[in-house]
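Enquirer: sequence-free structure coming up:
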């Protein structure tokens, strides 16, 4: 009988098995859908797995993907993105949220990120990363839960 080999990895933070499934668009993920922690593996582009750092990346907040402007000059609202900080080399990374990421964990991360240190805020600002704030909560809930 044919047995399909499970593709995925063990999360180095929470220890749960993370399935890689191209059916739901998660075949290139490097973050855990349960605890949202990541591993610092991508070098030039998402999914290339060429970086030697391999440090754990703590989820520190959310941002919106920069989508530009529509033909009327109105800024387009981008999708929610996770912001990580490597605990080894201190680099920041932005990752797409996957369809199977735990929405409650994402909302909990957002609530936690509303109280980050000024030092962390300054580091993000230098990298051009705008962490979402309490004024963005309604849009976050809409994207996560479809609320309006």
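Expert: On my side now, so go ahead. Values in this document were obtained by computation on a predicted structure and should not be read as measured data.

Enquirer: middle-most residue in this protein, spatially?
Expert: Centroid-nearest residue in the chain, with C-alpha atoms, centre = their mean: residue 82, separated by 2.4 Å.

Enquirer: next structured bit after the host helix or strand of it?
Expert: Secondary structure assignment for residue 82, by DSSP states H and E: strand 80-86. Counting by DSSP H and E, the next helix or strand C-terminal to strand 80-86 is strand 92-96.

Enquirer: that next one relative to strand 80-86, how many degrees between them?
Expert: With axes from the mean of the first three to the mean of the last three C-alpha atoms, to 10 degrees applied, the angle from strand 92-96 to strand 80-86 works out at 150 degrees.

Enquirer: rewinding a little: wait, the residue nearest to the centre of the chain sits on residue 31?
Expert: Yes - contact criterion C-beta atoms under 8 Å: residue 82 and residue 31 qualify, at 6.5 Å. C-beta: built from backbone N, CA, C; applies to glycine.

Enquirer: touching both of these two, which residues are there?
Expert: The contact sets of residue 82 and residue 31 overlap at 38, 59, 95 (C-beta atoms under 8 Å, 6 or more residues apart in numbering).

Enquirer: quick one: which of the residues you listed is nearest to residue 73?
Expert: Nearest to residue 73 among those is residue 95, at 29.3 Å by C-beta to C-beta.
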